[in-house]
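> Predicted structure and sequence below. I'll ask about it afterward.
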Amino acid sequence: MISIIRFEMAKIVKTKRFIGSLLISVLVLSGIFIIGFHYSQLGASEVRNQELGFNQLSRKKANAHAGVFNNQTVRLILADYIADYQNNSGGEQPFDQFSYNIANTFFPKDRDIYLEMIAANKKKQTLKIDQIKLTPIKKIGFSSFSKPLIIGSYSNWSELFKVTGSVFILISVLVIITGSTVFAEDTAKKMNQLLFITKYGRTKMLRAKIYTATVLSLFIFLVAHGLTFGYFYYHYYGMDGWNGSIQTNFDLKLFNFPLELNHFQIYLMILILQLASLLMIVGITLLISAIAKTPFSAVIIATGIFFLPKGLILIFTSGVLNKLLYLLPINLYDSEKMLTLMSAKQGFFFNQFNQNFIMTICILLLTNLISNCFTYYKLQHAYIE
């Protein structure tokens, strides 16, 4: 079996289609990194801050206030923020994304604090934090646990989550292109006429092809996400903020998220969900490849099936069908949407995040298993002309 898998693997990776797709994927991945990290709000603002003489401003502010998250922490963060804002009012303002998002959450909604700071500065006065009635944490609706929430650098992790979603789309398309050729290539070249009459043509050979496509897809997944995390680690100060509570991510605003999880744990959860989604894609793609007459038609059909639910969800915006559509890979790549939907008390299948998450994983894996079984059965009983 191992020798057959090696043979099938070599047959796939040596094709011009795979090599060409891989080269294009590398270029697209580079573009995702540039747009997702360098030209993101955090990346672009940090470049501008450096030009103004404020190197790694958001990171320094986040590290200065990292730790237990409570009303006093918020008060200290915003006291520094308004002091810095007024001290820099004479020239170009740097952009402290860490503090800015917190200010937008806790500043009173019936006052424009920024206009008040500008007005005070014109009068050569200073607006103090004691003059601002900040919204209490409890009123915002933050989840509470036996241990206090932790705050730290969060915008870098928000960008990682977004980039991870984009990378998943790229991986999915590459896997579809690769998997579509596994059986359809032999059908187009009429190799089935020969393969199905060999000793292992309807048994080990079929299983080997399924295993090969799955293993190759997992390898692509691991390499792509390994490169993504490596680039993130290099570009965004290592693991800063990894232990920050997901509830204190003021980009995502998941203040009432029901589980006590940090950014790194959420990242691992996203990868697990994407991995299960990828296995579903592999299973369905192989089934289509087994049915299609040519690799091109298999690619077109599999790609269409992959992206179609994204359009359908814009049509079916509520009801059971809407929930079912959110179980499909293309609608799971957006981590913020996925976390919000699965944690909603009313809006998905169950009222608990854990139940929704486990159910989704099980459905994705079950779809892969059923698809592989259908593929094997279909080809094992295929008619030879």
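Arrived safely, thanks for sending. Predicted model, so just to flag it, every value in this text is computed and none were measured.
> ranges for the strands of the protein?
For the chain, applying DSSP state E gives strands covering 67-68, 150-151.
> Does anything pack onto the first one? Which helices or strands?
The contact analysis (3 or more C-beta pairs under 8 Å, 6 or more residues apart in numbering; DSSP states H and E) places strand 67-68 against strand 150-151. Yep, even glycine has a C-beta here, placed from its N, CA and C like the rest.
> Direction included, what does the strand it packs on pair up with?
Under the criterion DSSP bridges, strand 150-151 sits next to strand 67-68 (antiparallel) in its sheet.
> so where do the helices sit in the stretch 251-385 of the chain?
Listed in chain order, the helices of the stretch 251-385 of the chain (DSSP state H, counting those that start in this stretch) span residues 263-291, 295-315, 319-325, 335-343, 353-380.
> Mind checking those for the one nearest to Ser21?
In this view, the helices of the stretch 251-385 of the chain are compared for proximity to Ser21 by C-beta to C-beta, and helix 295-315 is the closest at 10.0 Å.
> mind exporting the closest one as PDB, just the C-alpha atoms?
Extracted in PDB, the C-alpha atoms of helix 295-315 (Å, rounded to 0.1, in the frame of the first residue of the first chain):
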ATOM      1  CA  PRO A 295     -10.200  17.000 -14.900                       C
ATOM      2  CA  PHE A 296     -11.400  20.400 -16.200                       C
ATOM      3  CA  SER A 297     -15.100  19.600 -15.600                       C
ATOM      4  CA  ALA A 298     -14.300  18.200 -12.200                       C
ATOM      5  CA  VAL A 299     -12.400  21.400 -11.200                       C
ATOM      6  CA  ILE A 300     -15.300  23.600 -12.500                       C
ATOM      7  CA  ILE A 301     -18.000  21.600 -10.700                       C
ATOM      8  CA  ALA A 302     -16.000  21.300  -7.400                       C
ATOM      9  CA  THR A 303     -15.100  25.000  -7.400                       C
ATOM     10  CA  GLY A 304     -18.700  26.000  -8.100                       C
ATOM     11  CA  ILE A 305     -20.000  23.800  -5.200                       C
ATOM     12  CA  PHE A 306     -17.400  25.300  -2.900                       C
ATOM     13  CA  PHE A 307     -18.300  28.900  -3.600                       C
ATOM     14  CA  LEU A 308     -22.000  28.500  -4.200                       C
ATOM     15  CA  PRO A 309     -23.100  28.500  -0.500                       C
ATOM     16  CA  LYS A 310     -21.500  32.000  -0.100                       C
ATOM     17  CA  GLY A 311     -24.000  33.400  -2.600                       C
ATOM     18  CA  LEU A 312     -26.900  31.300  -1.300                       C
ATOM     19  CA  ILE A 313     -26.400  32.700   2.200                       C
ATOM     20  CA  LEU A 314     -27.100  36.200   0.900                       C
ATOM     21  CA  ILE A 315     -30.500  34.900  -0.400                       C
END
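> what's the angle between it and helix 263-291?
Using axes from the mean of the first three to the mean of the last three C-alpha atoms, to 10 degrees, one finds that helix 295-315 and helix 263-291 are set 130 degrees apart in direction.
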